[in-house]
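Peer 1: need a 3D model of the following:
(2 chains)
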Amino acid sequence: MLRSYLARFSRGIALLALCVIVSLATPVFLTSDNLLNVARQASLLLILSTGMTVVILVGGTDLSIGSIAALSSCLVAPFFLRGASTLQIVLGIILGLGVGAVLGFLNGLMISKIGLPPFVATYGMNQIARGIALAYMAGNITYGFGPTFRYLGAGMLYGIPVPVIIAAAVFLLFYFLLSKTVFGRQVYVVGARPSVATFSGISVPETMLKVYTINGLVAAFGGLVFISRLNAAEAGLGETFPLQAIGAVAIGGTSFRGGIGGVTGTIIGALIVTVLTNAMNLLGVSTLWQTAVTGAVIILAVVLDQGLVAQGVGAALVMRRNRRVRAEA
Amino acid sequence: MVAAIKRVPGIVYVLVALIMGFGWFIPGFFTVSNFLSVIRQGSVLAVVSLGATLAILSRGVNLSLGGVMSLAGVVTGVLMHRGWSIMAAILVGMATATAAGWLTGIVIAGAGIAPFVVTLGMMSVGEGLALVISGGASVPGFSNAFQVLGQGYLLRVPIPFWIAVMAFLIVHFILRDTQLGVSIYAVGGNEDAASLSGVDVRRCKLQIYLIGGILAGVAGVVLASRMNSAHPSGGMGFEFDAIAATVVGGTPMSGGRGGVVGTMVGAAIISIMRNGLNMLGLPTPWQMTIIGMIIIGSIALDALKSNR
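Peer 2: Model prediction:
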């Protein structure tokens, strides 16, 4: 009884423990300013990693979200400059999302129709989109957006940062999509057993196509929120997006074999990553450590996830026995 | 005669066509100095690609090679700057890479987790530690004795080439004539069948990623010596070039078939492509785009072929 509860809420408990430790280590952590800051930072990661969760649920991965975010937001950034009308801004946002969806669709085509391994297809897309963004911007930065567009990433509504509200909306949408719709069921079946999905009349390529298109759209949306907060768009933005999003999903307990997990775990994963980064900043740990710590936490999370410490010890024992048997033979 | 020509795999024609094409369009392409510089650059990729091929043959993948390369280079560089002898610094750099490979292998083999996630995590651990150790900046300027490793000549051929040849021969020997080699192909072909036939799958996987770490270490040290500088992101992207070299060289991502001979041709193709695009004076963003397309294209061809 207790064990099953522990297993179910282990990530939440880990997050809570982390927060307690950090607040003991530095009193700044629990100030409302800092918590708002954490929420604001977590919101972007949460938006990106909800889309990534769906991709990983179908057994895929997407390394191109950073470049898709960069290319789409660089292309439409001029629409948002100071003095832009609301219509112009809406048009820009729709266009930006469209670019993201098209790039995601291309990812889906390569993966489902040609049969490329997802990480190869999306890595190639990452190179291509980044190359085009760099060539298009030619080293320039588009900056100085109007207040209406800035509201998206930097505004406040009833004392809550707008991006946090946006992230919550995105989360609820995906939660609904995954748990209450036919599409959601299809995602889980395709991820767990593609052959079963096919026999049940679900089109695996079509599901994949939808999933990667949605993720391209989410990536573009994340890019828009990001440039709105930064008040500037440049071709190099978002290089760390894929690793961070994949990390949050992995820490959130969605399995890379597909079909197991969901967006609820991903929220906690995203919060753990953000709180860790925030704690390192507050404690004056050099930012250089952040890459290494993120990587280590990813590995640790997937290892713990399968209750694998015990299994790993078991494996080591088996290997030792095998070696002994070989030596005797 | 015709039969002999038919036996030559398609990629060799691609390689020859590529060399002819670039030679036709680029004036300075067919010079000895350019040829030597392609060899010097290609050798580093060749060494890493051997590690990538081992993982792919077993139906795995190793994304940590580039990060571990950076780490090995930076560790070696920083130690030499602290006054360590060249030999000791290289040994510690190599040991670091070996430890990283061993750790990757332990997690993959012991815990049975998908190599993609583990090596992705290790990629950022390697790169991150390289950043921390180097303080985020490149570590430039080494003694002449160290630079010989990447820039020197032996019998008029660049030393990195000899290192790559040695690494190739060793890995080729492992694949063809050892129990580990047989196990790698068996695991890649059908892991369950291999396990049931008495192959120690875990041990096999552990060794694959351990050897990968060692190869990444060699490549990282040679790269630092060639550039006369160890950069914390110096190895970035090598893991993907290495995967591309493997697949272009005829080892499919689905594992179990292929080998390192093709990978060497693949590494040559990718190095010549980078060199040629560079000499054409294409801006870096367009080079990125084109190489991305070529990687996708070549792997797509392989996927379409195996679909049939």
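Peer 1: so out of everything in the stretch 101-250 of chain B, what residue is nearest chain A?
Peer 2: For the stretch 101-250 of chain B, the residue closest to chain A is B:Gly128, as judged by C-beta to the nearest C-beta, at 2.6 Å. Just so you know, the C-beta spots here come from the backbone N, C-alpha and C atoms, and that holds for glycine as well.
Peer 1: wait, that residue touches A:Gly295, no?
Peer 2: Yes: contact criterion C-beta atoms under 8 Å: B:Gly128 and A:Gly295 qualify, at 5.8 Å.
Peer 1: in the chain, where is pLDDT below threshold?
Peer 2: Using chain A here. Within chain A, the stretches with pLDDT under 70 are A:1-8, A:306-329.
Peer 1: should've been chain B
Peer 2: Looking at chain B by pLDDT under 70, you get B:1-10, B:302, B:305-308.
Peer 1: switch the cut-off to 80
Peer 2: Counting by pLDDT under 80, chain B has low-confidence residues at B:1-14, B:111-112, B:284, B:288, B:291-292, B:294-296, B:298-308.
Peer 1: pick out the residue nearest the middle of it.
Peer 2: Geometric centre of chain B, nearest residue: B:Val48, 1.7 Å, by C-alpha atoms, centre = their mean.
Peer 1: packing partners of the helix or strand that contains that residue?
Peer 2: Applying DSSP states H and E as the criterion places B:Val48 in helix B:32-57. Applying 3 or more C-beta pairs under 8 Å, 6 or more residues apart in numbering or on different chains; DSSP states H and E, we find helix B:32-57 packed against helix B:65-81, strand B:157-158, helix B:159-177, helix B:179-189, helix B:201-227, helix B:238-248, helix B:260-279.
Peer 1: which among these is found nearest to A:Ile65?
Peer 2: Closest to A:Ile65 of the helices and strands packed on helix B:32-57 is helix B:238-248 (C-beta to C-beta; 16.4 Å).
Peer 1: so which elements touch the closest one?
Peer 2: helix A:118-137, helix B:32-57, helix B:65-81, helix B:260-279, helix B:284-307.
Peer 1: out of these, nearest to A:Thr31?
Peer 2: Using C-beta to C-beta, the nearest of the helices and strands packed on helix B:238-248 to A:Thr31 is helix B:65-81, at 36.0 Å.
Peer 1: in chain A, which spans are helices?
Peer 2: With DSSP state H as the criterion, chain A has helices at A:2-25, A:32-57, A:65-76, A:86-109, A:118-137, A:147-154, A:162-180, A:182-192, A:194-199, A:204-230, A:241-251, A:263-282, A:289-305, A:308-328.
Peer 1: returning to what we had before: possible to save the helices and strands packed on helix B:32-57 as a markdown table with mean neighbour count and distance to A:Gly115?
Peer 2: As requested, the helices and strands packed on helix B:32-57 are exported to a markdown table (neighbours: other C-beta atoms under 10 Å in any protein chain shown; distance: least, C-beta to C-beta, whole Å):
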| stretch | mean neighbour count | distance to A:Gly115 |
| --- | --- | --- |
| helix B:65-81 | 29 | 24 |
| strand B:157-158 | 18 | 39 |
| helix B:159-177 | 17 | 26 |
| helix B:179-189 | 20 | 18 |
| helix B:201-227 | 26 | 25 |
| helix B:238-248 | 28 | 13 |
| helix B:260-279 | 21 | 20 |
